[in-house]
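J.: Got a predicted structure here, sequence first:
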Amino acid sequence: MKTRLLCGVITLLSLSTGVLAGPRDAQWKKVDNAMNQGLPKTAIEELQPIIAGAMADHAYAEAIKAIGRKIALEANIQGNKAEEKILRLQAELDKAPAEMKPAMEAVLAHWYWQYFQQNRWRFMQRTQTAEAPGPDLQTWDLARILTEIDRHYTAALADEKNLKATPVGAYDDLLTKGTVPDRYRPTMFDFLVYEALQFYQAGEQAAVKAEDEFVIDANSPIFADAAEFANWRPVADAHGGQEATGDASPKLRAIRLYQSLLKFHEADADRSAFFDADLARLSYGHNAAVGEDKDEHYKAGLERFIDATTTHVICARAL
């Protein structure tokens, strides 16, 4: 199963070409021709009217792609440093209209995440200190860059109401289609939640685990039926009924995102998005939960899921 990809991230970093079909088709051809001829400054000049036109037409996905391409070209001229691209995108994000910010925040978070992955050994070797790191990300420790990535994914999902009302197809210019229909990720809220989940479920988070880090118990509702899981208050269960909404644990963030997806799609006539989120949280529970009976709880959860999805194609994945 392959879902949509944030092609802006891949395309902008690799500078691969590709013409968009639309009112600015001829202008994009000029950009590609300049790049194929090794004329990055000319390509940047050709991108300016595309950005202006896309912004005027509210073609925000195309505008983001053009801005990202321009940033990548400018940074390449300056030495092709990833941190240069990040700083330029942050500057563009600060002045972008509200409608563009969620997707741009996600791209920026992804660029930080790629920067970390390319320099993982450096971050792992740096000692965390009590002094707050400065603005130069080359001096950041592991905790600082993970916090920054979290901040941008949180910002990307902040306008939840509008994201839920925005069809994922509205961003066809920016997102590469996968092998499954959009009904599995019908809105930009769905798409951005799964983008964030890739980060919160990553193994590097364990390197900065606090002493009181939240632990997912295999006997908790992580493997329960969807309704019980969606209404689970994990921190309240662990602290005598007191919910700590500000807890920054990546595991808690992941649980709450899965709960948001299930609640969002619980009444959908098409059950694809709901079932997909439910199966994904069971898989996450198997990877993240602890306890001697984890495999048994996971298997019971899968069997319950299979019984509920016998008429849907997703049942085969659970089987």
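T.: Arrived safely, thanks for sending.

J.: Buried residues of stretch 228-237, list them for me.
T.: 229-230, 232, 234-235 (16 or more other C-beta atoms under 10 Å). All C-beta atoms are positioned from the backbone trio N, CA, C, and that covers glycine.

J.: of these, closest to Lys29?
T.: Ala230 (48.4 Å; C-beta to C-beta).

J.: nearest spatial neighbour of the closest one, skipping sequence neighbours?
T.: Leaving out its chain neighbours, the residue that sits closest to Ala230 by C-beta to C-beta, 6 or more residues apart in numbering is Leu262, at 4.4 Å.

J.: Same check on Ile50?
T.: Ile50 sits nearest to Ala66 (C-beta to C-beta, 6+ apart), 4.6 Å away.

J.: Likewise for Thr187?
T.: That would be Lys164: by C-beta to C-beta, 6+ apart, it lies 5.4 Å from Thr187.

J.: just Asp217 next, same as before
T.: In space, Asp217 is closest to Gly291, 5.8 Å off (C-beta to C-beta, 6+ apart).

J.: What is the burial count for that neighbour?
T.: 15 (other C-beta atoms under 10 Å).

J.: Could you pull up the contacting residues of it?
T.: 217-219, 297 (C-beta atoms under 8 Å, 6 or more residues apart in numbering).

J.: okay, those residues in a markdown table with secondary structure, pLDDT and neighbour count next?
T.: A markdown table is the format used below for the contacts of Gly291 (DSSP: H, G, I helix; E, B strand; the rest coil; pLDDT from 0 to 100; neighbours: other C-beta atoms under 10 Å):
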| residue | secondary structure | pLDDT | neighbour count |
| --- | --- | --- | --- |
| Asp217 | strand | 94 | 17 |
| Ala218 | coil | 95 | 19 |
| Asn219 | coil | 95 | 14 |
| His297 | helix | 97 | 21 |
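
J.: quick one on the thing from earlier: what residues are up against the residue nearest to Thr187?
T.: Contacts of Lys164 (C-beta under 8 Å, 6+ apart): 187, 189, 264.

J.: Is the residue nearest to Ala230 in contact with Phe275, as I believe?
T.: No. At 9.9 Å, Leu262 and Phe275 do not qualify as touching, with contact defined as C-beta atoms under 8 Å.

J.: Which of these two has more residues huddled nearby?
T.: The residue with more neighbours, out of Leu262 and Phe275, is Phe275; 24 against 20, by other C-beta under 10 Å.

J.: Name the nearest residue to the more buried one, ignoring sequence neighbours.
T.: Ile314 is the one closest to Phe275 (C-beta to C-beta, 6+ apart), at 4.8 Å.

J.: quick revisit: can you pull the contacts of the residue nearest to Ala230?
T.: 226, 229-230, 274, 277-278, 281.

J.: Also Arg183?
T.: 270, 272-273.

J.: From those residues, which land in helices?
T.: Counting by DSSP state H, the part of these found in helices is 272-273.

J.: nearest to Ala75, of the contacts of Arg183?
T.: Ala273 (36.4 Å).

J.: so that closest one sits right up against Asp190, yeah?
T.: Yes. Ala273 lies in contact with Asp190 (C-beta under 8 Å); the separation is 6.2 Å.

J.: These two: who's more crowded?
T.: A direct count of neighbours by other C-beta under 10 Å for Ala273 and Asp190 places Asp190 higher, at 25 against 20.

J.: Just the pLDDT for that one.
T.: Here, the pLDDT recorded for Asp190 equals 97.

J.: Remind me which helix or strand it belongs to.
T.: helix 188-200 (DSSP states H and E).

J.: avg pLDDT for the next helix or strand after that helix?
T.: Counting by DSSP H and E, the next helix or strand C-terminal to helix 188-200 is helix 226-230. Helix 226-230 carries an average pLDDT of 97.

J.: With just CA atoms, put helix 226-230 into CSV.
T.: Output in CSV follows, covering the C-alpha atoms of helix 226-230 (Å, rounded to 0.1, in the frame of the first residue of the first chain):
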residue,chain,number,x,y,z
ALA,A,226,-12.0,1.5,18.2
ALA,A,227,-14.6,3.2,20.4
GLU,A,228,-12.9,2.4,23.6
PHE,A,229,-9.5,3.4,22.2
ALA,A,230,-10.8,6.7,20.8
